[in-house]
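Student: I would like to see how this sequence folds:
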Amino acid sequence: MGLEDAAGNLTPLDRELLNLLQSDFPLTGRPFAALGERLGLGEEEVMSRVAALKESGIIRRIGGIFDSGKLGFTSTLVALQVEEGKLREVAAAVSAYAGVTHNYRREHEFNLWFTLVTSSAEERERTLKEIEALPGVRALRNLPALRLFKIGVNFDMWENGEANSDDAP
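Tutor: Just a heads-up that it's a prediction; the model follows:
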């Protein structure tokens, strides 16, 4: 099963699967079977395509997005200034914390950024102190949100925003 057609583009079926995964994921006990019904595929074929899209790096993760504050958690954005020679080591240590949702390198004086979600302000402060003490960390900036701006983003996988009837699965 190829993810790409002869021109190196995603197949129409995989484009439609990506659209459904982003905006209309079925909340059932067997979501991939439900997606398969919509796409005319079996559950195993859908799971295989999703695995291939993940392996290729097109899909980073599939998961729910929750309002951590409404669930009683606290979250913050953190910027670290890390010695270049220690960046991978520090990034791996940061990622090992259960509350780190993701981290990424930036071309900036503060070169490693991540989000941290904890069950309390005390846990957040304790975790930040531990991270700040990691070898190679020069400085830490805790950047909590003062106002929440949440924008839902879906990437329409069809050119010009709609499927060509000849290409649609």
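Student: The lengthiest strand in the chain pairs with which strands, parallel or anti?
Tutor: When the chain is parsed with DSSP state E, its longest strand is strand 74-82. Strand 74-82 has the following sheet partners, assigned by DSSP bridges: strand 112-118 (antiparallel), strand 137-143 (antiparallel).
Student: Is Ser95 in contact with Thr101, as I believe?
Tutor: No - if you go by Cβ atoms under 8 Å, Ser95 and Thr101 don't touch, sitting 9.8 Å apart. For the C-beta atoms, the positions are set from N, CA and C on the backbone; glycine is no exception.
Student: Give me the common contacts of the two.
Tutor: Taking Cβ atoms under 8 Å, 6 or more residues apart in numbering as the contact criterion, the residues that touch both Ser95 and Thr101 are Phe114.
Student: how about the nearest residue to Ile62, chain neighbours excluded?
Tutor: Leaving aside its chain neighbours, Ile62 sits nearest to Leu21 (6.5 Å; criterion: Cβ to Cβ, 6 or more residues apart in numbering).
Student: and the gap between that neighbour and Arg126?
Tutor: As judged by Cβ to Cβ, to the nearest Å, Leu21 and Arg126 stand 36 Å apart.
Student: which one of the two has more residues nearby?
Tutor: Leu21 (19 against 12; other Cβ atoms under 10 Å).
Student: And what about that one, helix, strand or coil?
Tutor: Under the three-state scheme (DSSP: H, G, I helix; E, B strand; the rest coil), Leu21 adopts helix.
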